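Trainee: Fold the following for me, if possible:
(chains A, B, C and D)
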There are 4 protein chains.
Amino acid sequence: MNNSNTSKEFVWESSVRGYELDNQGIVNNANYLHYFNNARLLCLNSIGINWHTWHKKGYDLVLVKASLEFKKPLKEFDKFKVVSTFKLSSKLKISFEQKIYNSSTNTLSAVANTISTCITSKTGKPVYHQELYAAILNHL
Amino acid sequence: MNNSNTSKEFVWESSVRGYELDNQGIVNNANYLHYFNNARLLCLNSIGINWHTWHKKGYDLVLVKASLEFKKPLKEFDKFKVVSTFKLSSKLKISFEQKIYNSSTNTLSAVANTISTCITSKTGKPVYHQELYAAILNHL
Amino acid sequence: MNNSNTSKEFVWESSVRGYELDNQGIVNNANYLHYFNNARLLCLNSIGINWHTWHKKGYDLVLVKASLEFKKPLKEFDKFKVVSTFKLSSKLKISFEQKIYNSSTNTLSAVANTISTCITSKTGKPVYHQELYAAILNHL
Amino acid sequence: MNNSNTSKEFVWESSVRGYELDNQGIVNNANYLHYFNNARLLCLNSIGINWHTWHKKGYDLVLVKASLEFKKPLKEFDKFKVVSTFKLSSKLKISFEQKIYNSSTNTLSAVANTISTCITSKTGKPVYHQELYAAILNHL
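Mentor: Below you'll find the model as predicted:
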């Protein structure tokens, strides 16, 4: 616990792959959602929450809302980093604030504010899970 | 022109493809952005604005902002339809309102509100293009 | 059973989506593998073999080999059809022969010869499953 | 020139991203084609052949054939490396031999043998380009 209500920054670095460009020569929008998604998975994994394991137990993490801003497009082979922090917006909702930067120029490429929730695979309904809640709280 | 400030509804129908499911057995989030994206391209194409042609002329349509809500996940082989309308939020900005419905149950699956703008490929800066502006205005 | 050793042709029709183009303005190669993959899933589903259901029972269908030929690239919004037939190349292997045609011009776009096998999710080893084998045999 | 007829090994390392898993919990097949594709682009880029630049000059590199073998599936967050070598199979054809290994276990995950050719964007026909041919030959 770091006595705030926001997690420490988690950084994931990678590079644009050639096939992620669209016919305008820039990274296709949906790929930013992919980058943000993978960064969230890695971020939670880094604090011991692996969603593949949770899925097998019957729980899934799903996106409820996403607000995206596209600033400066990434291009072929660009190195980028995704900086993520999260907090609890309610007992049922985890909100992430994420930014993608071009690693070479340090310019901001895209911003995402998302809200995810834990559902049971069976009903698809949001569910409060004590263990998950505690695990997240422990990193705020 | 239909004397309103919003275009007529444009509907694109398709089906979930097997590879679009993630390891939770539901359509991965980024694919909704793909569906919305393709629906916008088809919608504009239906009124004579083909972005592949515009790209060759040196202009690109890029997403500036997107606000997404995920309601009820689509699953394997589900038929869906994307209903799109657009309007001008300024001389430089086209805003789309889009909804994805499961075609069988007619339940709402996802909602997108997006703002796109036309840029020149060379500078990456937004540009007002009279022909494009007129073409869009003509359908409002 | 149709008294041959090859299944009847299964046809799946769809259209190229804008985001499937790469920065050369043609459908990116990996998408053909996606098209072929979805056509195989639909083809097997049409004879009562749903792999999502089999996955839940602990079995997966995986690709062992694929031989692909790329003839004439598909482009933006092209309608295409995937024609698929299958046969058993052994008790453990299903081989598919698949062709993608541009629906408008009827020109051949890509060809795939693939071999898939059923594995148990736990071990990852190929497994002979009597019910699956019979179901497939029933359509040859 | 290294006096053989095969290029030196080019290695690209990366990690599986969460969204690349399918609903069987393993990397979806088409993603291996993506990995191979990106490794080829990076490999050629490393010897001064950038296909984005060539595309702007009116030339594209397209896949003609691909033969793929799938050995051991990659899973969530696995680190992998793609080892690529190329040679000329004719004045018009570049053939790549590529292998993907799980970096942690060093087990072979997938193998690709592909043939690519250079076409003119206008006609789509293969074309012999002296500069390209010389650039490739220089690294064999």
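
Trainee: Tell me where chain A has strands.
Mentor: For chain A, strands defined by DSSP state E occupy the ranges A:10-15, A:59-70, A:79-88, A:93-102, A:108-120.

Trainee: close to chain C, is the lowest-mean-pLDDT helix or strand in chain A?
Mentor: Among the helical and strand segments of chain A, the one scoring lowest on mean pLDDT, DSSP states H and E is helix A:51-57, with a mean of 87. No. Counting by C-beta under 8 Å from any C-beta of the partner chain, chain C has no neighbours in helix A:51-57; the shortest distance is 10.6 Å. Any C-beta I mention is one placed from the backbone N, CA and C, and that applies to glycine too.

Trainee: And that helix, how far out from the chain middle?
Mentor: Offset of helix A:51-57 from its chain centre (C-alpha atoms, centre = their mean, to the nearest Å): 17 Å.

Trainee: If you count neighbours, what's buried in it?
Mentor: Buried residues in helix A:51-57, counted by 16 or more other C-beta atoms under 10 Å in any protein chain shown: A:51-52, A:54-55.

Trainee: Could you do stretch A:108-126 as well?
Mentor: A:109-112, A:114-119.

Trainee: cool, and stretch A:35-53?
Mentor: A:35-45, A:49, A:51-52.

Trainee: Wondering if it reaches chain D at all.
Mentor: Yes. Residues of stretch A:35-53 are located near chain D by C-beta under 8 Å from any C-beta, namely A:37-38, A:41-42, A:45, A:50-52.

Trainee: Check the residues you listed and tell me the two furthest apart.
Mentor: Spatial extent of the residues of stretch A:35-53 next to chain D (C-beta to C-beta) is set by the pair A:N37 and A:N50 at 14.8 Å.

Trainee: Now do the longest helix along chain A: distance to the chain's middle.
Mentor: Counting by DSSP state H, the longest helix found in chain A is helix A:29-46. Chain-centre distance of helix A:29-46: 4 Å, with C-alpha atoms, centre = their mean.

Trainee: what's the answer for stretch A:108-123, then?
Mentor: Here the centre of mass of C-alpha atoms in stretch A:108-123, compared against the chain's by C-alpha atoms, centre = their mean, lies 7 Å away.

Trainee: so, in contact with chain B or not, that stretch?
Mentor: Yes. Interface with chain B: stretch A:108-123 contributes A:S121 (C-beta under 8 Å from any C-beta).

Trainee: For A:A110, give its distance to D:K122.
Mentor: 35 Å (C-beta to C-beta, to the nearest Å).

Trainee: So for chain A, which residue is the most central one in space?
Mentor: Most central in chain A under C-alpha atoms, centre = their mean is A:R40, positioned 2.7 Å from the mean C-alpha point.

Trainee: Within range of chain D, give me the residues from chain A.
Mentor: For chain A, the contact set with chain D under C-beta under 8 Å from any C-beta comprises A:14-15, A:17-19, A:21, A:25, A:34, A:37-38, A:41-42, A:45, A:50-52, A:76-77.

Trainee: go with 10 Å
Mentor: Applying C-beta under 10 Å from any C-beta of the partner chain, we find that chain A lies next to chain D at A:12, A:14-21, A:25, A:31, A:33-35, A:37-42, A:45, A:50-53, A:55-56, A:75-77.

Trainee: Residues in a beta bridge with A:S14, which ones?
Mentor: Using DSSP bridges, the bridge partners assigned to A:S14 are A:F80.

Trainee: still on that earlier bit, right, is the longest helix of chain A up against chain B?
Mentor: Yes. If you take C-beta under 10 Å from any C-beta as the test, helix A:29-46 does meet chain B, through A:29-37.
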